[in-house]
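Enquirer: Sharing a sequence plus its predicted fold:
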Amino acid sequence: MRAVRIHEFGGPEVLKLDDIERPVPAPDEVLVKVYASGINPVDWVMRNGAMRSFLTLPLTLGCDAAGIVEEIGSQVTSFQPGDAVYGVANFFSNGTYAEYCAAKATQFAPKPKGLSFTQAAGVPLAALTAWTGLFEYGKLRAGQRVLIQGASGGVGSFAVQFAKAKGAYVIGTASAQNLAYLTQIGADEVMDYTSQNVADLVHEMDVVLEASPLRDNKERLKAVRLLKEGGILVSVNTDLPFSDEVTEALSAKQARGELAANQPQREWLEEIAQLIDEGRVQVWVSQVFPLEEVAQAHRQSESWHVRGKLVLEVVNQAQAL
Ligand SMILES: NC(=O)c1ccc[n+]([C@@H]2O[C@H](COP(=O)([O-])OP(=O)(O)OC[C@H]3O[C@@H](n4cnc5c(N)ncnc54)[C@H](OP(=O)(O)O)[C@@H]3O)[C@@H](O)[C@H]2O)c1
């Protein structure tokens, strides 16, 4: 099968299109024929070698997949060959930039019916991260106020829509060119973090979700000031611990700080698929690349200014339908 692998860590030039054996699913895994794979920043973070101590080379990159179940492991009862699915690969293992991917069946769910494989591939990791951050760590409930930083990106776009779908009041930050987009996906208020002082304009938030790539504890201190007493600051940037200053500021207002690593849960993927099929959540794919152009897709993602998602088509969409 064709697979994009790295044999060494480095820039986009280390991405190689190889011809390798298909993986064999373990008893608790499904083998998915991958039609499309989403691009996530963690893909190029792995490629660069920042997580090298967890990785074995050569490695097939890619977290997100949408495709068709080809085979099931001996213990799998939740899927049958031929099912259309979407989900995430086993983390730190061979991934989805390939014609086939073997991964735990519990990390997949039926694909949203109204989406193409290409659109569905843009959902899993970003949506699960938004869901984990808002609801598992942020405990967001109907009627609460949430500020979403980085609201136009992959994680942020889903976070805005999930929070609205659950009945929260949503304020989103983005660059000027993305403010109309935030309104279109349902944000109640939008702010340009490049020209407006968000810290002066926003108060009494129940939850602040740091879904921007900015890793800066001074910015987090400002976010704590926006929280109401007992509020929750959730960051998806788990690689930057909260500084002592941030922790002290949080405890001074009986607030909590949470670092939210995404959790791949089938029930959440099912609930997300339902929201999409009900038309309450849109999937914005800003660019689609064929597998051969993966290096270009990585360069684009590394700009940190992608609206919604970038997707790699492993199988040409016209052939997939
Ligand atoms: N914990 C986890 O499991 C997990 C999983 C996935 C991602 N993440 C992390 O979540 C963050 C977002 O990921 P993503 O996939 O959504 O990335 P993305 O699609 O590239 O989106 C990033 C967004 O951040 C905004 N942004 C860029 N620079 C900014 C700055 N200096 N200040 C504020 N906002 C800025 C951009 O908005 P504009 O273009 O409008 O400026 C962009 O839309 C990343 O740090 C990523 O590492 C964590």
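Expert: Noted; the coordinates are in hand. These numbers come from a predicted model, not from an experiment.

Enquirer: so which helix or strand takes in Gly67?
Expert: strand 64-72 (DSSP states H and E).

Enquirer: May I see the buried residues of that strand?
Expert: By neighbour count, with 16 or more other Cβ atoms under 10 Å as the criterion, the buried positions of strand 64-72 are Asp64, Ala65, Ala66, Gly67, Ile68, Val69, Glu70, Glu71, Ile72. No exception for glycine: its C-beta is placed from N, CA and C like everyone else's.

Enquirer: Point me to the helix or strand that includes the most centrally placed residue in the chain.
Expert: Residue closest to the average C-alpha location in the chain (Cα atoms, centre = their mean): Ala126, at 1.3 Å. Taking DSSP H and E as the definition, Ala126 sits inside helix 124-131.

Enquirer: Give the partner strands of the helix or strand that that helix is followed by in its sheet and their orientations.
Expert: Moving toward the C-terminus from helix 124-131, the next helix or strand (DSSP H and E) is strand 145-149. Strand 145-149 has these partner strands in its sheet, going by DSSP bridges: strand 169-174 (parallel), strand 205-210 (parallel).

Enquirer: What is the neighbour count of the residue of the stretch 151-300 of the chain found nearest the ligand?
Expert: Ranking the residues of the stretch 151-300 of the chain by distance to the ligand (Cβ to the nearest ligand atom) places Gly153 first, at 1.9 Å. Here the count is done by other Cβ atoms under 10 Å, and Gly153 has 25 residues near it.

Enquirer: count of residues packed around Ser53?
Expert: When counting by other Cβ under 10 Å, one arrives at 7 neighbours for Ser53.

Enquirer: Below-threshold pLDDT in the protein: ranges please.
Expert: Residues of the chain meeting the criterion pLDDT under 70: 318-321.

Enquirer: per-domain residue ranges of the protein.
Expert: In terms of domains, the chain is parsed into 2-123+284-320, 126-259 (source: automatic domain parsing).

Enquirer: I'd like the buried residues of strand 64-72 laid out as a markdown table, including distance to Asp18.
Expert: Listed next are those as a markdown table, based on distance: Cβ to Cβ, whole Å:
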| residue | distance to Asp18 |
| --- | --- |
| Asp64 | 20 |
| Ala65 | 18 |
| Ala66 | 22 |
| Gly67 | 19 |
| Ile68 | 22 |
| Val69 | 24 |
| Glu70 | 19 |
| Glu71 | 21 |
| Ile72 | 26 |
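
Enquirer: Mind putting those into a markdown table with distance to the ligand?
Expert: Compiled in a markdown table, those are given as follows (distance: Cβ to the nearest ligand atom, whole Å):
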| residue | distance to the ligand |
| --- | --- |
| Asp64 | 10 |
| Ala65 | 15 |
| Ala66 | 17 |
| Gly67 | 21 |
| Ile68 | 25 |
| Val69 | 25 |
| Glu70 | 27 |
| Glu71 | 28 |
| Ile72 | 27 |
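
Enquirer: List the buried residues of the host helix or strand of Leu179.
Expert: Using DSSP H and E, the secondary-structure element containing Leu179 is helix 179-184. By neighbour count, and taking 16+ other Cβ under 10 Å as the criterion, the buried residues in helix 179-184 are Leu179, Tyr181, Leu182.

Enquirer: Does the residue nearest to the centre of the chain touch Gly154 like I think?
Expert: Yes: here Ala126 reaches Gly154: they are 3.6 Å apart, a contact under Cβ atoms under 8 Å.

Enquirer: Arg299: what's it in contact with?
Expert: Contact partners of Arg299, counting by Cβ atoms under 8 Å, 6 or more residues apart in numbering, are Pro12.

Enquirer: did I read that right, it in a helix?
Expert: Yes: secondary structure assignment places Arg299 in a helix (DSSP: H, G, I helix; E, B strand; the rest coil).

Enquirer: The stretch 1-150 of the chain: strands as residue ranges?
Expert: Assigned strands in the stretch 1-150 of the chain, in chain order: 2-6, 15-19, 29-39, 59-60, 64-72, 84-88, 100-104, 108-110, 145-149 (criterion: DSSP state E, counting those that start in this stretch).

Enquirer: Switch these over to a markdown table; also include distance to Ala273.
Expert: Compiled in a markdown table, the strands of the stretch 1-150 of the chain are given as follows (distance: least, Cβ to Cβ, whole Å):
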| stretch | distance to Ala273 |
| --- | --- |
| strand 2-6 | 27 |
| strand 15-19 | 30 |
| strand 29-39 | 15 |
| strand 59-60 | 25 |
| strand 64-72 | 11 |
| strand 84-88 | 8 |
| strand 100-104 | 17 |
| strand 108-110 | 6 |
| strand 145-149 | 22 |
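
Enquirer: Determine which of the strands paired with strand 145-149 approaches Val32 most closely.
Expert: With Cβ to Cβ as the criterion, Val32 lies closest to strand 205-210 of those, at 29.9 Å.

Enquirer: what's the following helix or strand after the closest one?
Expert: Using DSSP H and E, the helix or strand that follows strand 205-210 in sequence is helix 217-226.

Enquirer: tell me the contacts of the closest residue in space to Leu227 that isn't next to it in sequence?
Expert: Counting by Cβ to Cβ, 6 or more residues apart in numbering, the nearest residue to Leu227 once its immediate chain neighbours are dropped is Ala255, at 5.0 Å. Going by Cβ under 8 Å, 6+ apart, Ala255 touches Val224, Leu227, Glu229, Gly230, Gly231, Ile232, Leu233.
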